[in-house]
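*Asks:* Below: sequence and its predicted model.
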Amino acid sequence: MKKFGIFTYLAIALLLTGCSTKLTSNLAPGAVFNDLGKTVVVRFEPDKRNLNSIIADQLTLMGYPAVAVEKSEIPKDVNTLVTYRDNWQWDITNYMIKINIQFRDGNSRELIISGESYRTSLVRKTPQEMIKETLEEILKNKKS
């Protein structure tokens, strides 16, 4: 009977690891997060899914006009530079397991704030949903 109990606990533990989620945002030490001003979202070099356009569109829908650009197209007068890194996983289909979005000072390129959404296969969401929840988490820290 003891062996059955151990296997049951092991099976439950394995199932629960498939349901992992994490949503965080972190303000850089000493950083002030207030007005975004002119905002651009720079495409992450390996990204072939144009997530920078989705991020820019979502920011605009949330009341913070943003434009998606390539690294070579960053305007000199930008106030906020948004960068990101996406990670994808295969589990019957390809899905985004994690996205990390960073808001940087347009001049110095120093990190102001970052946010991350992590979702394993059983609790996966679309890239649009993960981007939206990450941006909402980041913008909670904005000072008016």
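*Replies:* Ah, there it is.
*Asks:* Report pLDDT for Cys19.
*Replies:* With respect to pLDDT, Cys19 scores 70.
*Asks:* Quick check, Lys132 in contact with Gln58.
*Replies:* Yes. Lys132 lies in contact with Gln58 (CB atoms under 8 Å); the separation is 5.5 Å. All C-beta atoms are positioned from the backbone trio N, CA, C, and that covers glycine.
*Asks:* what helix or strand is Asp57 on?
*Replies:* If you go by DSSP states H and E, Asp57 is part of helix 51-61.
*Asks:* Report the rounded mean pLDDT for that helix.
*Replies:* Helix 51-61 comes out at a mean pLDDT of 98.
*Asks:* Now do the next helix or strand after it: distance to the chain's middle.
*Replies:* Using DSSP H and E, the helix or strand that follows helix 51-61 towards the C-terminus is strand 66-69. Offset of strand 66-69 from its chain centre (CA atoms, centre = their mean, to the nearest Å): 16 Å.
*Asks:* Give the next helix or strand downstream of strand 66-69.
*Replies:* Toward the C-terminus from strand 66-69 - assigned by DSSP H and E - lies strand 80-91.
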